[in-house]
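> need a 3D model of the following:
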Amino acid sequence: MKDLSGKKIVIAGFSQSGLAAASFLQKKRARIFITDSSDNGKLRKNLEKLDSKDIEFEFGGHSKIFLKGSDFIVVSPGISKDSILVNLAEELGIPLISEIELAYMYCPCKIIAITGSTGKSTVTSLAADMFNRSGTRCFALGNNGNPFSGYVDCLKEDDLVCLEVSSFQLEHIVKFKPKVSVILNISANHLDRHKDLEDYFLAKKRIFSNQEEDDFLLLNYKNELLKNCQRQTKAKVIFFNTLQDRLFNPNQSVIFKLGDIFGIDKSIILKTFKEFKTLEHRLEFVAKTKDISFINDSKSTTVDSAIWAFENIDKPIVLIAGGRDKGVDYDKLIPLLKKKARAVVLIGEARDRIESSFSGCGIPIIKADNLPDAVKNAIGLAKKNDCVLLSPMCSSYDMFKNFQERGLKFKQLVMDIK
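Just a heads-up that it's a prediction; the model follows:
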């Protein structure tokens, strides 16, 4: 555990995780310098949430003179490896760490780290729910909107942390070592940021890079890329989603394996499944109106998550999709579109590319200017007992500040109609 008193530490990127890291470092009496390429009211409001009289900040860009002399830089997940900030840090020889690495330095309890292309938030919440029901205090933290560093000071040795981690957060770990690592699945994702699937997969595999023989690594047996990881780790490998797990979906299979590792009674696990409430923006039922069901799956930023939605909805679907393209293969959804889709309504920067992919499906494909227009079009295309599904397969940043805002807007539009 480091003594950070008096150290110059730069927070690069001042959104949610950056604010949490800055607040944590203030308690450690570090000298805090905040830099962000943007300059807006939200950033300045975040400053007001801190004791900012001793904080130096640089908004609207990154400069060498501001970074010079830093002991290390805490890098936001939103900053890419080829950014000006990273290049300047490397030129100056300043170490870069992620916010989860910073929190790990002070974490007194065991960590279950969960990553994958889809399903991270659901499995993280399910696991935390199971542990809490079993009598172990467990926190669901990380990429789910609860920054690790915002909670680390209240953790005790007997607690557990279920930590959702993204490829971006794993890029700048150093000693981060979970007791249990979970990789749910791997498919092409974030190719707007990672140069290719291999680069993306390498980032994901960093989750187990520091694990030892007494740690555990859970891998999806039906994902060929993941099966090969067995030879790349010192940890004990446990496969989930095997033939023996066929009575349960992959997410539930993971929870059973975690339960086995920690000795959780199966009755507690089954009760967790039965009473678990769907997370907001993840296949969330909004309302039924005009004999049409509306489901908010705004968290869907991959094709695989849309596939999951289609497989779990038993009605004809009018799909609303689109947003900022992440370089993924939309063609993978075509078999399910032909089988279950009534129509598709497209929005955002990716709408032309998605339209090109889906053009041979034999169903109506409509392009809308915005989400309100898309909802109106979807209702016009839907028939009695159909489902209008918002499952964008894209990030939200072309039209919204995040997927939460996109989902809330969709729900508001539906409720206005209702």
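
> and the helices in the stretch 201-350 of the chain?
For the stretch 201-350 of the chain, the helices defined by DSSP state H, counting those that start in this stretch occupy 224-227, 250-262, 266-275, 303-311, 334-340.

> nearest to Lys7, out of those?
Lys7 lies closest to helix 250-262 among the helices of the stretch 201-350 of the chain, at 36.4 Å (CB to CB). Bear in mind the C-beta positions are built from the backbone N, C-alpha and C, glycine included.

> could you list the buried residues of the closest one?
Pro250, Asn251, Gln252, Ser253, Val254, Ile255, Phe256, Lys257, Leu258, Gly259, Phe262 (16 or more other CB atoms under 10 Å).

> with stretch 234-253 instead?
Ala235, Val237, Ile238, Phe239, Phe240, Asn241, Asp245, Phe248, Pro250, Asn251, Gln252, Ser253.

> with pLDDT and distance to Ile317 added, can I get the residues you listed in JSON lines?
Shown next, in JSON lines, are the buried residues of stretch 234-253 (pLDDT from 0 to 100; distance: CB to CB, whole Å):
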{"residue": "Ala235", "pLDDT": "97", "distance to Ile317": "40"}
{"residue": "Val237", "pLDDT": "97", "distance to Ile317": "37"}
{"residue": "Ile238", "pLDDT": "97", "distance to Ile317": "35"}
{"residue": "Phe239", "pLDDT": "96", "distance to Ile317": "32"}
{"residue": "Phe240", "pLDDT": "95", "distance to Ile317": "28"}
{"residue": "Asn241", "pLDDT": "93", "distance to Ile317": "25"}
{"residue": "Asp245", "pLDDT": "86", "distance to Ile317": "27"}
{"residue": "Phe248", "pLDDT": "88", "distance to Ile317": "24"}
{"residue": "Pro250", "pLDDT": "88", "distance to Ile317": "22"}
{"residue": "Asn251", "pLDDT": "90", "distance to Ile317": "21"}
{"residue": "Gln252", "pLDDT": "93", "distance to Ile317": "24"}
{"residue": "Ser253", "pLDDT": "95", "distance to Ile317": "26"}
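
> wait, Leu88 sits on Lys64?
Yes: between Leu88 and Lys64 there is a contact at 5.4 Å, judged by CB atoms under 8 Å.

> before we move on, the earlier item: Throw the helices of the stretch 201-350 of the chain into a markdown table and include distance to Lys120, thanks.
A markdown table is the format used below for the helices of the stretch 201-350 of the chain (distance: least, CB to CB, whole Å):
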| stretch | distance to Lys120 |
| --- | --- |
| helix 224-227 | 14 |
| helix 250-262 | 10 |
| helix 266-275 | 17 |
| helix 303-311 | 10 |
| helix 334-340 | 22 |
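
> wait, which of those helices is closest to Glu212?
Per CB to CB, nearest to Glu212 of the helices of the stretch 201-350 of the chain: helix 250-262, 15.3 Å.

> much appreciated, bye for now.
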